[in-house]
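Asker: structure for this input, please:
(2 chains)
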Amino acid sequence: MSSKHRVVITGLGMATSLGTTVDENWSKALEGQSGIKELSLPNTEKSPVRAVGSVALRDWQKIQAAFPGEAAQEGERRTLFALWSAMSALDDAGLTKYDGPKDRFGVVLAAGLGINRLEDIHRWTNQNKEFDLEKFGKEYKDIHSESLMKNNAHRPAALIAKKYGLNGYNSTITTACASATQAIGTAYRSIYRGDSDMIVSGGADSMINPVGLIFFVLLSAAAVSKDNPSEICRPFDRKRSGLVMGEGSGMVVLEEESHALKRGAKIYAEVSGYASTMDAYKVTAPHPKGIGAERAMINALKDADMAPDEIDYINAHGTSTKLNDSAETLAIKNVFKDHARNLSVTSSKALIGHLLAASGGPEFVFTALTVNRDEIHPTINQHNPDPKCDLDYVPNIKKSAAVRAAISNSFGFGGQNGSIVVKKYGSS
Amino acid sequence: MVNALGRSLPASWDKLASGKCGIRSIESFNAKGLNCTAAAEVNDLNAEELNVHPRDSRIMDKHAYMLLKASRESFSHAGLDKASVDPNNIGYFASMGMVDYNLEDLLPSVLKSLDDKGNLDYDKFYSGAYQEIHPLWPLSMLNNINFCQVAIDLGIRGENTTFAPHSDSAIHSIIEAYNAVLEKQAEVILAGGVSEKVSPSSLARASMAGILNSNDISCRPFGKNSTGTMLGEGCGIITIELLSHAIARQAPCLARISGYGSSFGSSDISNSATSAAISLSMETALEKAELKPGDIDLIIAHGDGAPEGDANEAEAIHNTFAGCLNTLHVYSSKAALGHLLSGASAVDVVIGTNILINGIIPAIFDSGPLEDNIALNLVRGDPLKADPARIMINSRSYEGQCASLIIEKWIDE
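Answerer: As a prediction, this is how the structure comes out:
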């Protein structure tokens, strides 16, 4: 390639069950405070899933108030979360009023899928208890605003670009739970090779809705325990029993280094490598030895031109499912060999739940802060050691330690994996 | 390539070049109650014919079969079935649509959730009625799952991603694949895109986006008083690798990728891409390829018959190619194949490659009178023996995302 550019992080934004600002999220994460609570949606008393990381009502109202036009027109959680985090990240990067050229200023997002509502299916059913296409043909325009039919995956990216006049590269990635990490990796590559100067990237998702609640129950991947909600998500713990859904968004502004320096932007850290792989194993389960995960980390390190022992921290995919956490641990051990014992490995999902397509967004924000501030949030709910998960997961209490560089992992249903390397800015 | 005119590259190319049209009344379901009753459907593609195990076909639908068929065709056309490329060095990038086709999948659980008065009772739903939904239904709602199934079928383990959900996404897949090959992140990459299945939900979605022609059963790119597009089904997949790698393994060299561009800009009226945004992606592609507008012989336009979008694209071509419009031919495949959404520009790249190889530009199917002020050199009536050397393929979404790609004739040196 003719030109290679360094890529730095100049803005962060997020909205999760822990709050709507990066500072609020970060300070609670360091304290080990969980945003996962008892489910409180109407009509869900009998739901097998009882614990969710939902965005607090007052925070949701604050987000709606920030985008009155979009709230009225879209009325959709995922899209408003996306707008909120994009606005926060742009504001943090000093770009909300940016009046420079925007032809090389893009948006690369991960957005979750919308799900149909039972009420809609019900009213399109005829007396013979069959799905009635004629009824559907007459009434489909009234379909719930959060269904895919009304709200395509690329709409959040378009709304952000339109609102801030970003005329550059604009795309949306849908690789299940790997989406946001692959989106940030794709954005990184676009800047690295010289196609873009700045990109807003990350993800937004919400599946905390009536059918969404049983989505992962059907796949036997959800935790359905009746224990204390904030203790159900326990990545790497022997008593882990499945994922707990969260919702919200996490976004960053990635920027070409000289562009950032020229405008005096504050730089959190540098993105130095990215890779994606596929398991090509089973669409229903990760490879038990984590071979795809292992190669994603190895190739990301190679892309960053870094040795494994230059990494101090891993923000794991750590879903709290039996299969993922042991396979990911094995993959880390295979990549890092003896150095694996020196690593701090934490899962943000115990704090904010699994944000699904968006999960790599807030987790990348946490990774950037870890590298920037030399503080590592704990993996909470670690009480029962699992012999298959025997790394330093920073159990229950935060740690202050020098973090030269970190990897954020995301692995999607189906077997698509992404790993991205973040290192201290200013290091060689 | 798979589309309504044929289920393989040779079959569909021959029919396209001889002026056939794939748009017909919808056969796969009764579309009478909907406001558009025709589409360019792909028929008779099934699990048995493709030798797919029933275990896998439970979560596959027509788009999965099209993706599998076209990916296998490209894989074998490139000789990868006989080559010894490490699966870890084979990548896969594709554009996928929204796959919420079978609304009735939720129906059994809805019926079992009804109370005595026939009202929906969520207590019943959560207490067990939800188990009437097939346990693998969630996977069929994830648009990356079938992509992963094809990767398993072909043994692909390298660099990958899936973009969604419209035509720009397929060019974005090819752009990322092209760069991953340049950066040596993979040795060989399959890239392209597949359409959604034409279904009540895809028609409803297109209708709500305001892009569907509900007046008649034709798609008329740049056509006078055209009111919208027709949906089509299909898939296009190309195999990309460095020239040196292709020569070393004696693979056929079909065309060269030389430039690309991406942009965003949406109109306040219909969310269509603006003329400025379309020009930006075309001009970025020219710059990247180090070409001047006059170097391009043919544009395969997005040209889908949606009035504002076509007007903006015509204006953008007028502006960007001012001074060389006489020598520039413009073609759109959508009059014959319908709009394949996430598969559209992928199929156009395959068509473009065939135009470069065969030296023949198909005619835009029966496009009728053109909108006023369209001074484009559209290929109409008969196919044109023109031997173009450089082709630009345009694509855009219905939200303002645009992407352009330039491919060039491969000349054996």
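
Asker: any idea how far B:Glu241 is from the nearest residue to B:Ile357 once chain neighbours are set aside?
Answerer: Excluding its sequence neighbours, the residue lying closest to B:Ile357 (C-beta to C-beta, 6 or more residues apart in numbering or on different chains) is B:Leu254, at 6.3 Å. Where you see a C-beta, it was placed from the backbone N, CA and C, and this is true even at glycine. To B:Glu241, B:Leu254 is 11 Å away according to C-beta to C-beta, to the nearest Å.

Asker: and what of A:Arg373?
Answerer: Counting by C-beta to C-beta, the gap from A:Arg373 to B:Glu241 is 43 Å.

Asker: looking at these two, which is more packed in?
Answerer: B:Glu241 (24 against 14; other C-beta atoms under 10 Å in any protein chain shown).

Asker: so what's that one scoring on pLDDT?
Answerer: Model confidence at B:Glu241, expressed as pLDDT, equals 98.

Asker: which residues does it bridge with?
Answerer: B:Val188 (DSSP bridges).

Asker: go ahead and confirm it touches B:Ala248.
Answerer: No - counting by C-beta atoms under 8 Å, B:Glu241 does not reach B:Ala248; the two are 9.6 Å apart.

Asker: what about the residue nearest to B:Pro388 when sequence neighbours are not counted, neighbour count?
Answerer: With C-beta to C-beta, 6+ apart as the criterion, B:Pro388 has its nearest non-adjacent residue at 3.5 Å, and that residue is B:Asp297. When neighbours are defined as other C-beta under 10 Å, B:Asp297 has 21 of them.

Asker: from B:Met392, how far out is B:Asp297?
Answerer: 9 Å.

Asker: now do A:Ala327
Answerer: For A:Ala327 relative to B:Met392 (C-beta to C-beta), the value is 45 Å.

Asker: do B:Ile156 as well
Answerer: Taking C-beta to C-beta, one finds B:Ile156 at 29 Å from B:Met392.

Asker: which non-adjacent residue is nearest A:Lys4?
Answerer: Per C-beta to C-beta, 6+ apart, closest to A:Lys4 is A:Tyr192, 6.3 Å.

Asker: one more: B:Ala389?
Answerer: Closest to B:Ala389 by C-beta to C-beta, 6+ apart is B:Lys409, at 4.5 Å.

Asker: ok, B:Ile156 and B:Met392, which is more surrounded?
Answerer: Between B:Ile156 and B:Met392, B:Met392 has the larger neighbour count (other C-beta under 10 Å), namely 31 against 28.

Asker: point out where the stretch 301-428 of chain A drops to low pLDDT.
Answerer: The model of the stretch 301-428 of chain A has pLDDT under 70 over residues A:428.

Asker: do chain B as well
Answerer: In chain B, residues with pLDDT under 70: B:413.

Asker: name the residue most distant from the centre of it?
Answerer: In chain B, B:Asp116 marks the outermost C-alpha relative to the chain mean, sitting 47.3 Å out by C-alpha atoms, centre = their mean.

Asker: for it, phi and psi?
Answerer: phi -60, psi -30 (degrees, to the nearest 10).

Asker: and it, how far from A:Thr321?
Answerer: Distance from B:Asp116 to A:Thr321, by C-beta to C-beta: 39 Å.

Asker: ok, A:Thr367 next?
Answerer: Distance from A:Thr367 to A:Thr321, by C-beta to C-beta: 21 Å.

Asker: do the same with A:Asp390
Answerer: 18 Å.

Asker: and for B:Ile296?
Answerer: For B:Ile296 relative to A:Thr321 (C-beta to C-beta), the value is 51 Å.

Asker: which one of the two is surrounded by more residues?
Answerer: Neighbour comparison, B:Ile296 and A:Thr321: the larger count goes to B:Ile296, with 27 against 23 (by other C-beta under 10 Å).

Asker: let me see the domain layout of chain B.
Answerer: Following automatic domain parsing, one finds the domains of chain B at B:2-99+B:142-409, B:103-139.

Asker: ends of stretch B:296-305, how far apart?
Answerer: With C-alpha to C-alpha, to the nearest Å as the measure, stretch B:296-305 spans 23 Å from end to end.

Asker: now stretch A:183-202
Answerer: 6 Å.

Asker: any buried residues in it, and which?
Answerer: A:183-193, A:195-202 (16 or more other C-beta atoms under 10 Å in any protein chain shown).

Asker: show me the residues you listed that map onto strands.
Answerer: Within these, residues falling in strands by DSSP state E are A:198-202.

Asker: list the contacts of the spatially closest residue to B:Leu231 that is not a sequence neighbour.
Answerer: Nearest residue to B:Leu231, sequence neighbours excluded (C-beta to C-beta, 6+ apart): B:Ala39, at 4.6 Å. The contact partners of B:Ala39, by C-beta atoms under 8 Å, 6 or more residues apart in numbering or on different chains, come to B:23-24, B:26, B:198, B:203, B:230-233, B:338.

Asker: so can I have a markdown table of these showing secondary structure, distance to A:Ala269 and neighbour count?
Answerer: A markdown table is the format used below for the contacts of B:Ala39 (DSSP: H, G, I helix; E, B strand; the rest coil; distance: C-beta to C-beta, whole Å; neighbours: other C-beta atoms under 10 Å in any protein chain shown):
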| residue | secondary structure | distance to A:Ala269 | neighbour count |
| --- | --- | --- | --- |
| B:Ile23 | coil | 52 | 22 |
| B:Arg24 | strand | 56 | 16 |
| B:Ile26 | coil | 53 | 22 |
| B:Val198 | coil | 46 | 30 |
| B:Leu203 | helix | 47 | 26 |
| B:Met230 | coil | 49 | 29 |
| B:Leu231 | strand | 45 | 30 |
| B:Gly232 | strand | 46 | 29 |
| B:Glu233 | coil | 45 | 30 |
| B:Gly338 | coil | 47 | 30 |
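
Asker: out of the domains of chain B, which is the most enclosed?
Answerer: domain B:2-99+B:142-409 (a mean of 22; mean count of other C-beta atoms under 10 Å in any protein chain shown).

Asker: quick check, distance from that domain to the centre of its chain.
Answerer: 4 Å (C-alpha atoms, centre = their mean, to the nearest Å).

Asker: which parts of chain A are strands?
Answerer: For chain A, strands defined by DSSP E occupy the ranges A:7-15, A:37-38, A:51-52, A:105-111, A:170-173, A:198-205, A:248-256, A:269-278, A:313-315, A:344-346, A:375-376, A:399-400, A:405-412, A:416-423.

Asker: only the C-alpha atoms, please, for the fourth one, written as CSV.
Answerer: Output of strand A:105-111 as CSV, limited to C-alpha atoms (Å, rounded to 0.1, in the frame of the first residue of the first chain):
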residue,chain,number,x,y,z
PHE,A,105,-15.7,12.2,7.5
GLY,A,106,-17.8,9.0,7.8
VAL,A,107,-19.9,6.7,9.9
VAL,A,108,-19.5,2.9,10.2
LEU,A,109,-22.0,1.3,12.6
ALA,A,110,-23.3,-1.9,13.9
ALA,A,111,-27.0,-1.9,14.5
